[in-house]
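*Asks:* structure for this input, please:
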Amino acid sequence: MKARHIFAGALSALALTGAVSIASASSHREAPAIGFDPAADNTDTWAWVNDGAHDKLYLVASYNPLEEPSGGPNYHEFSDDVLYEFHITRGNKSLEDVVTYQIQFSSTDIQRVNPADLTKPLGGGKEFFSQLTGRKQTYWLTRLDKKGSKVTRSVLGQGLPVAPVNIGPNTNKIVYGTEKYDEKFMAKFIHPLGFNANQGRVFAGQTDDGFYVDIGRIFDLANLLTGTARDNIAGYNCHSIALEIPTASLTADGLPPKPGASDANTIGVWASASRRQVRILHKGGGETSHGSWVQVSRLGLPLVNEALIGLQDKDKFNRTKPAKDVANFGAYFLNPVVVRDAEAVGIYKALGVPQEVVDSLKTNRLDVIDTINLKASGHNIPLEATGDVLRVDLGLDSRFPNGRPIPYGAAPNKEQADVTDVLLSVLLSKGTIAVSDGAQSNDKPYQKEFPYLPVPHEGFSGGHGQPAP
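*Replies:* Residues are numbered from 1 along each chain as shown. Below is the predicted model of the structure:
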């Protein structure tokens, strides 16, 4: 109670400067190595069940942060050399996968123009405009069910078209055959899974980046008490994969989840990206990849690698799995580095927080473990089954941190919870002070239906350039 009253008193010190501001992007270029590999960089993971019926689980993972909409002529896309995965654990005993969804992409070659013909009427723009080359990207999706040492593979989709990049009105008409790139157009790239209608649906393609955060002031050494809050993710796109899965296909008994809190019906969700171990660049152009898959990025809960893991271990975190988080990173969960960093740049001093309170926030933070393990809702997840997974109780309506829903927000441009504010409030003050970065909503409204993330920004009209003088 003493700490609570001290933090409440500190709020009054901010009456002239606004709310406390500190946050970070969910996982945008959060580690040194993945910053050089954007197509494999997880930016966000969402997971939730639909309210009431709980018969559908929705998974959304985004990759490739800060895509400039006008960034042509070689626009962003999924990498054909990356294995994208959703991982699902079950119960409170283990963080090993019971179900894994694997997504791999394949692109057709660019149609070549014979250089000898360049003096003749050119090939319909194919040598200049990438969208006219006939290049298409498709994907196949495989589900792996694991029971003990046995793994059953089921191919649920092959040759599924990827939703293309939102380039502009001429491309819409000439190449895509539509008047505008809107929700109706995106819906054409929602595909059923499997050979019947009850194995779910999938979408893959470009979307608006659905996260909102002020990263400009944050990374100026947490220059937070001055300046104007901005959503620095506004106007940027990413590439996203969305799945709709019947929950009965995920429970241990194959039946719909029973209503109410249950460890047995609680799953853990995380997404990842992996590359082959060896990459060979050919002198004449092109490259090939060989060897086993090596995980290079992952994300379950938002902000774990960003706000909990120290800079020296961020690459290691991306290369390892949640099942090893206690052994590898347990100290980071119990001793949040973001608290020491906030102290180092003077945040607590500016708030007038006594040193003994700051010291109490640095160590033995079992409250962090309890929050991510859903203790408040009656779940009993032991320390050895703790890791960076987004827990979803299939028998309860999803509300963060029990899942992370896109819908159910207070406004069409708000997801259900401002996860930055929630998690940073927990990390920095044990929830005793309202922490906000000032970015309170997305720059575009979320879709009301699957795949939920907004229509991507258009390159023709939505780039970040300024009007020419």
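*Asks:* any chance you could map the helices in the chain?
*Replies:* Taking DSSP state H to define them, one finds helices in the chain at 2-12, 169-171, 183-187, 215-218, 314-319, 325-334, 337-344, 347-351, 355-362, 366-372, 419-429, 459-462.
*Asks:* what's the closest non-adjacent residue to residue 94?
*Replies:* The spatially closest residue to residue 94, leaving aside those adjacent along the chain, is residue 385, at 6.3 Å (Cβ to Cβ, 6 or more residues apart in numbering). Quick note: C-beta positions are derived from backbone N, CA and C, even for glycine.
*Asks:* wait, the one you found sits on residue 95?
*Replies:* Yes. Between residue 385 and residue 95 there is a contact at 5.8 Å, judged by Cβ atoms under 8 Å.
*Asks:* more crowded one of those two?
*Replies:* Using other Cβ atoms under 10 Å, the more surrounded residue of residue 385 and residue 95 is residue 95, with 25 against 22.
*Asks:* and that one, what pLDDT?
*Replies:* Per-residue pLDDT puts residue 95 at 97.
*Asks:* go on, the one 5 residues further on?
*Replies:* According to the prediction, residue 100 has pLDDT 98.
*Asks:* wait, doesn't it sit right on residue 83?
*Replies:* No. The criterion here is Cβ under 8 Å, and residue 100 misses it with residue 83 at 10.4 Å.
*Asks:* listing partners with orientation, what would you give for the longest strand along the chain?
*Replies:* If you go by DSSP state E, the chain has its longest strand at strand 266-281. Applying DSSP bridges, strand 266-281 is found paired with strand 82-90 (antiparallel), strand 287-299 (antiparallel), strand 390-393 (antiparallel).
*Asks:* in TSV: those, plus mean pLDDT.
*Replies:* As requested, these are exported to TSV (pLDDT from 0 to 100):
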stretch	mean pLDDT
strand 82-90	98
strand 287-299	95
strand 390-393	98
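*Asks:* got those as a markdown table, with mean neighbour count and distance to residue 457 columns?
*Replies:* Shown next, in a markdown table, are those (neighbours: other Cβ atoms under 10 Å; distance: least, Cβ to Cβ, whole Å):
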| stretch | mean neighbour count | distance to residue 457 |
| --- | --- | --- |
| strand 82-90 | 23 | 22 |
| strand 287-299 | 16 | 23 |
| strand 390-393 | 26 | 27 |
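*Asks:* OK, contacts around the residue nearest to residue 94?
*Replies:* Residues counted as contacts of residue 385 (Cβ atoms under 8 Å, 6 or more residues apart in numbering) are 92-95.
*Asks:* gap between it and residue 93?
*Replies:* Residue 385 sits 6 Å away from residue 93, going by Cβ to Cβ, to the nearest Å.
*Asks:* kindly report the same for residue 343.
*Replies:* Applying Cβ to Cβ to residue 343 and residue 93 gives a distance of 37 Å.
*Asks:* could you do residue 132 as well?
*Replies:* 54 Å.
*Asks:* the strands in the stretch 151-300 of the chain, which residues?
*Replies:* Ranges of strands in the stretch 151-300 of the chain, per DSSP state E, counting those that start in this stretch, are 190-192, 201-208, 237-246, 266-281, 287-299.
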